[in-house]
Structures are given as C-alpha cells and as structure tokens.
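1. sequence below, structure please.
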Amino acid sequence: MTSSLLLHEIRARLAEVPDADAAEAAARRGTGLLADDVVLARWREELDAELVGAGPLESLLADPQVSDVLVNGPDEVWVDRGQGLRRVDVHFAGEDAVRLLACRLAMRLGRRLDDAAPWVDAVLPDGTRLHAVLPPLVASTTISLRVLARRRLDLPALVSCGTVPPAAETILRTAVAERLTCLVSGSTGCGKTTLLGALIDLVPADQRLLVIEDAAEIVTRHPHVVRLVARPPNVEGAGAVGLAELVRQSLRMRPDRVVVGEFRGAEIAELLAALNTGHTGGAATVHANTVADVPARLEALCALAGLDARATAIQAAAAIDLVVHVERASGGRRHVACIARLSRQGQSLKLAEVWSCRPGVPP
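-> You can find the predicted model right below:
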C-alpha cells in the first residue's frame, strides 16, 4: 500500500520534472514516507518494474524456467514453465492497469497501441516477443509475452533431455553434413526454433549463414552468422520490410546457407527460388499439426505467392530434402516424432517416412 502511494506521487511529480530520480526524491519528501535501506531497495524494485519494466509480470519474466506469460485480464495470469500453462497468483489493480502496461511496453518500442490501432506485435529489447490486444476486440486487454530462450540447447543437449532420439540425431547430423535442406515442422510452442538453432550449430565454422527472421529468436553459437530481421510499419503505416525482401537481399550477401526462422507467407517463393539456384543446405520452420499436413501447408503458402499446385510441387520438391516434425506431448514434453523425405508425385508433394517414433515404441 505504501509503495502504491509513493508510485502515485512519483507519477504526479514526473509530469512536472521528467527525471525519475528527482521525482522519486521529491515524492518521498512530499509523502513523508520513511524507510530503512532494505525497504527502500524493495520499493525501488517495485517502482522500476512499474515505471520501466513489466510491472507485476517482472518476476515471472525473470524466472529462467518461464517461456510464456499470458495475461487474459487483471486477475487471470498464466505461465508456461515447460509443463504446459498454469495459472499463477499474480494480479493487476484493474483493467486500466493491464491496458497501461500494454501501452507502455508498446510505447517503449516506438509502436502505437490505442483505440485506432488496437493490437501490437513487437519485440522487447531483451528479445521477448510482445503481443497485445485492446478491447473491444477482446473482453479485457490481453498481453502475450514469449520469452527468448535464455540458454542455447545444442544437439547433444537435446538428445540428453529426450527431445531428439539417438537414431534421429544420426540422421540430422548426416543431413547437415551433406547439405540437405531441412524443414522443421510442428505446432506452436513445440520447440521448432530450438531445434533449428541446434541444427545450424552443426554447420562448419568456415561457412557463412544468413539468418532471416520476423523476430530475433534463433539461438546459435555459430561463429559466422549475419541476422536480417523484418521491420514492421511505423505509426504512419510506412517503412515495413518483410521476409520476402530480406530473402532477396540475403542472396546478395554471399551466403553459404540461408536460414528462415519461419515460413509465414509469400516469402516462401523467394526462398524456394534461392534454394533452387545453388544455395543448398538451408533450413526453415513451418507450422503444421502433423507431418502429413506439411504438403498442404506448403501449397497454401505458395498460393499466397501466386504459385499453383504444379509449380509448388516442382519448386518445393527440388528445394526441400527433409521434413523434421516436432511434437509436444501431454505434460509438455517436446520430441522429434518423424523425419520424412519430400518428393514430387505428379502435380503433388509426397512424403516418404525415413524415421519415426511410434506411440508406445521406444525410439
């Protein structure tokens, strides 16, 4: 309660003096609050979280086990620590407090979030992915925070934790060594990006990687990585640079391999064209519920770029060698479920299973 009173006074002072330290000192004098160093340090942490951090969510984002923080309203906060979503005992003062936090986080990034632009999709300075939606599109302001992986998981680590079975590891190492192009598929949150980072770690150090992403999420220790990150439009709706343009630019930067964080739309045509002009050994991810859904997903994305089924089959079969499908089982366990070779059959794409982890059968 005391810190809330102090925070209210600091906000009022900041309107007069745009200096946080001076405003805090003036607020303490104005409120007459006295406290020892320990209490003052705690107040300062609370105030920093409220004024420049993520407010009540700050401690959740600092937890190294947390991958997602979701706010559905002032009294409904969920987190994922690797075992699925769990509701936590974190509360906001009210709907206005949730909206204020969402707007402040967007403002820090130079993005607009208000009644005229009721949603935002951006990346915080530490790499955390921010998405927020305002009413009346939702009943209450909704905030979704996807935390960037804090530690790199290489292929041996993924094998140790059971994500990549040993037999699958052998196939993946061979694929990278032989410059096969790999497409990692799976649903949201199944670990596609983590596996992609582990695969590009296997690329020889004397090769130059061009990594193209919507947001800088791929974690890798490869010594020669050049990142290209898409840029959203500004508040006037101008200045956007999409993945398709970044793929085109990457081909002029002498890449040995081109990696796309995720196929989302028409940029797939640019990458397929690049992979068919000598840029082998690349990689990307794509959303798909099952490995059998991947051909249809590729056709749908290529249709956005104006390619018909025949052109898609020709381009994709020539460009993509392997599909590596990742699943998230009950309890949150993520694992490689299937590896299949992509080929063309007439005017359609066909998958031939190379390896799979059957339910109930040890990998």
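
2. distance between stretch 66-86 and the chain's centre?
-> Put simply, stretch 66-86 sits 16 Å off its chain's centre (CA atoms, centre = their mean, to the nearest Å).

3. which residues touch that stretch?
-> 56-57, 60-61, 63, 65, 87-88, 90-95, 97-98, 139-147, 149, 189, 331-332 (CB atoms under 8 Å, 6 or more residues apart in numbering). Quick note: C-beta positions are derived from backbone N, CA and C, even for glycine.

4. kindly export that stretch (C-alpha atoms) in CSV.
-> The C-alpha coordinates for stretch 66-86 follow below in CSV (Å, rounded to 0.1, in the frame of the first residue of the first chain):
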residue,chain,number,x,y,z
VAL,A,66,9.3,-19.5,-17.9
SER,A,67,8.8,-19.5,-21.7
ASP,A,68,5.4,-17.7,-21.9
VAL,A,69,3.5,-15.3,-19.8
LEU,A,70,-0.2,-14.7,-20.8
VAL,A,71,-2.5,-12.1,-19.3
ASN,A,72,-6.2,-12.5,-20.0
GLY,A,73,-7.4,-9.9,-17.6
PRO,A,74,-6.4,-8.2,-14.3
ASP,A,75,-7.0,-11.4,-12.3
GLU,A,76,-6.1,-14.0,-14.8
VAL,A,77,-2.3,-14.6,-15.5
TRP,A,78,-0.9,-17.8,-16.9
VAL,A,79,2.7,-19.0,-17.4
ASP,A,80,4.4,-21.9,-19.1
ARG,A,81,7.4,-23.4,-17.4
GLY,A,82,7.7,-26.3,-19.8
GLN,A,83,4.9,-28.4,-18.4
GLY,A,84,2.0,-26.6,-20.0
LEU,A,85,0.1,-23.5,-19.0
ARG,A,86,-0.5,-22.9,-15.3
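
5. buried set for that stretch?
-> Using 16 or more other CB atoms under 10 Å as the test for burial, stretch 66-86 gives 66-74, 76-81.

6. which of those fall in strands?
-> 68-73, 76-80 (DSSP state E).

7. output the contacting helices and strands for the longest strand belonging to the chain.
-> Criterion DSSP E: the longest strand present in the chain is strand 334-345. In terms of contacts (3 or more CB pairs under 8 Å, 6 or more residues apart in numbering; DSSP states H and E), strand 334-345 is packed against helix 166-177, helix 309-319, strand 322-328, strand 348-356.

8. just the ones you listed: most buried one?
-> Of all the helices and strands packed on strand 334-345, strand 322-328 has the most neighbours on average by mean count of other CB atoms under 10 Å, namely a mean of 23.

9. phi, psi for R129 please.
-> For R129, the backbone dihedrals (degrees, to the nearest 10) come out as phi -90, psi 120.

10. number of residues surrounding it?
-> Residues near R129, counting by other CB atoms under 10 Å, number 18.

11. how about the strands in the stretch 201-350 of the chain?
-> Counting by DSSP state E, counting those that start in this stretch, the stretch 201-350 of the chain has strands at residues 209-213, 225-229, 257-260, 283-287, 322-328, 334-345, 348-356.

12. ok, and for stretch 225-240, which residues are buried?
-> In terms of neighbour count (16+ other CB under 10 Å), stretch 225-240 has its buried residues at 228-230, 232.

13. actually stretch 91-109, not the one I wrote
-> Judged by neighbour count using 16+ other CB under 10 Å, the buried positions of stretch 91-109 are 92, 97-106.

14. show me where this protein has its helices.
-> Under the criterion DSSP state H, the chain contains helices at 2-14, 20-31, 37-51, 58-62, 95-108, 155-160, 166-177, 192-201, 243-250, 267-275, 294-304, 309-319.

15. re earlier: the contacts of stretch 66-86, buried ones only, as a PyMOL selection?
-> PyMOL command restricting these to the buried ones, with burial defined by 16+ other CB under 10 Å:
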select buried, resi 56+57+60+61+88+90+92+97+98+140+141+142+143+144+145+146+147+189
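
16. I'd guessed S185 sits against I320; true?
-> No: using CB atoms under 8 Å, S185 is not in contact with I320, being 10.6 Å away.

17. show me the contacts for the closest residue to W355 other than its chain neighbours.
-> Using CB to CB, 6 or more residues apart in numbering and skipping the chain neighbours, the partner closest in space to W355 is I339 (4.6 Å). Counting by CB under 8 Å, 6+ apart, I339 touches 168, 171-172, 322-325, 353-356.
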